[in-house]
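Engineer: Curious how this folds, go ahead:
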Amino acid sequence: MKRLLLVLLLGILAVTAYTFCKSWSLPDFPDSPQYREGKFRNALPKPAMGLRDGLEIWWAFLFNKPKGTVPDHPIPVQALDRTTLDAAPDRSLFRLGHSTILLKLRGQYWLTDPVFSERASPVQWMGPARFHAPPISIDELPPIAGVILSHNHYDHLDHAAVMKLAGKTARFIAPLGVGDQLIAWGVDAAKVEQLDWWQSTEAAGLRLTATPGQHFSGRGLGDSDRSLWASWVIQDGDFRIFFSGDTGYFDGFKAIGEKYGPFDLTMIETGAYDQRWAFVHMQPDQTLQAHLDLRGKWLLPIHNGTFDLALHEWQQPFERISALAAAKNVLVATPMMGEALDMQSPTAGTRWWERVQL
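Structural biologist: Numbering: from 1, shown residues only. As a prediction, this is how the structure comes out:
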């Protein structure tokens, strides 16, 4: 046990040192209402977590992990190829894993928070590993009109994926500071646009608006909350989609719904939750309420089914949000990874996660 503790401690120290060495100076954003005293802030202050609480959470992750947080058998994935994508109708959607969504809009392709690496981690020799391979590789993807980024955490901003996508992507649209990270990595600055909350841009016939979220940011020791986090409103004419990124529940959903709703589809995080960090990750009942606040028609639960990032069973997010939505007569779509979803005529899909347990 002592040797295991030592190995884990050394691993944590190595990752910390690595991320510290890989950090860089980000600019200040004095014109942003969200930026105060050198950091971005939520509308409400984040509750402080004491040292004991933090250590208890680390201990639970390292030594008291409950059974079932990782599937015992491979989860079903529907493989994709270029022919399948091109044959899909406009306004189709494909889940590629976690919060990575491939959208087909106006005959062009968009990606949200593309993560294709094996691990959601600063290093690929430790950290949360994928439950499944991506349904399609970056090499097989068609040209991408735009990548939409919500924030810079490792399960949403994948350095290797960004660098591989850079050559085939026309635009990278990100919150303040995240775009600077991309440029520092070597992405052509002419391709990068970064927005503050409530700012909009137009690209390939779409209107994209960065909207508030309740979260935090950072990839190392020196950049905590130095870049912004955001949700996104995607408008294709009168067709409207909401992408939550990562967020706790807050009254901003009502404000977004009043200004931009109703939404044909909301893609909202439902996974990696716990009451101890509910301020930054919603519980399933809060996901449902956020969808109602947004005045959404169909709900697509995301941020699940790919990485082990919490202490709940891996399939629990699907089960809980499905039951809650059914009780409120809310329409929920749960496609398999890689399965096409027609956003204009969605279907609920099968309860595919139940087959993994057989």
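
Engineer: Please make it C-alpha for all contacts and neighbour counts, starting now.
Structural biologist: Fine.

Engineer: that's a strand at Gln194, yeah?
Structural biologist: Yes - if the criterion is DSSP: H, G, I helix; E, B strand; the rest coil, then Gln194 is within a strand.

Engineer: residue contacts, it?
Structural biologist: Going by Cα atoms under 8 Å, 6 or more residues apart in numbering, Gln194 touches Ile173, Ala174, Pro175, Leu176, Gly177, Val178, Gly179.

Engineer: Pull the distance from stretch 144-155 to the chain's centre.
Structural biologist: Distance, stretch centre to chain centre, for stretch 144-155: 8 Å (Cα atoms, centre = their mean, to the nearest Å).

Engineer: buried set for it?
Structural biologist: Ile144, Ala145, Gly146, Val147, Ile148, Leu149, Ser150, His151, Asn152, His153, Tyr154, Asp155 (16 or more other Cα atoms under 10 Å).

Engineer: Which residue or residues pair with Phe94 through a beta bridge?
Structural biologist: Leu102, Ala340 (DSSP bridges).

Engineer: I'd like to know how many residues surround Tyr260.
Structural biologist: 18 (other Cα atoms under 10 Å).

Engineer: Could you find the closest non-adjacent residue to it?
Structural biologist: Val233 (7.6 Å; Cα to Cα, 6 or more residues apart in numbering).

Engineer: Then Ala204?
Structural biologist: Spatial nearest neighbour of Ala204, excluding adjacent residues (Cα to Cα, 6+ apart): Ala145 at 6.9 Å.

Engineer: Going along the chain, name the helices of the stretch 151-300 of the chain.
Structural biologist: Counting by DSSP state H, counting those that start in this stretch, the stretch 151-300 of the chain has these helices, from start to end: 159-165, 178-185, 252-260, 284-293.

Engineer: From the centroid of the chain, which residue is nearest?
Structural biologist: Centroid check for the chain by Cα atoms, centre = their mean gives Ser99 as the closest residue, at 3.8 Å.

Engineer: residue contacts, it?
Structural biologist: Ser99 makes contacts with Thr112, Asp113, Pro114, His156, Gly245, Glu269, Ile302, His303, Asn304, as judged by Cα under 8 Å, 6+ apart.

Engineer: any chance of those in TSV, with pLDDT, neighbour count and distance to Ile138 too?
Structural biologist: Converted to TSV, the contacts of Ser99 look like this (pLDDT from 0 to 100; neighbours: other Cα atoms under 10 Å; distance: Cα to Cα, whole Å):
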residue	pLDDT	neighbour count	distance to Ile138
Thr112	98	23	13
Asp113	98	27	13
Pro114	98	27	10
His156	98	22	16
Gly245	98	26	21
Glu269	98	27	24
Ile302	98	26	20
His303	98	25	20
Asn304	98	21	21
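
Engineer: out of those, which are inside strands?
Structural biologist: Counting by DSSP state E, the part of the contacts of Ser99 found in strands is Thr112, Glu269, Ile302.

Engineer: my read: the first one touches Ile101, true?
Structural biologist: Meaning Thr112. Yes - using Cα atoms under 8 Å, Thr112 is in contact with Ile101, at 5.2 Å.

Engineer: Skipping its backbone neighbours, what lies nearest Glu258 in space?
Structural biologist: Leaving aside its sequence neighbours, Glu258 sits nearest to Leu294 (Cα to Cα, 6+ apart; 7.3 Å).

Engineer: which residues of the stretch 1-150 of the chain fall in strands?
Structural biologist: 35-36, 39-40, 92-97, 100-105, 108-112, 144-148 (DSSP state E, counting those that start in this stretch).

Engineer: Dump those into JSON lines; add distance to Ala120 as well.
Structural biologist: Shown next, in JSON lines, are the strands of the stretch 1-150 of the chain (distance: least, Cα to Cα, whole Å):
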{"stretch": "strand 35-36", "distance to Ala120": "27"}
{"stretch": "strand 39-40", "distance to Ala120": "23"}
{"stretch": "strand 92-97", "distance to Ala120": "12"}
{"stretch": "strand 100-105", "distance to Ala120": "12"}
{"stretch": "strand 108-112", "distance to Ala120": "15"}
{"stretch": "strand 144-148", "distance to Ala120": "18"}
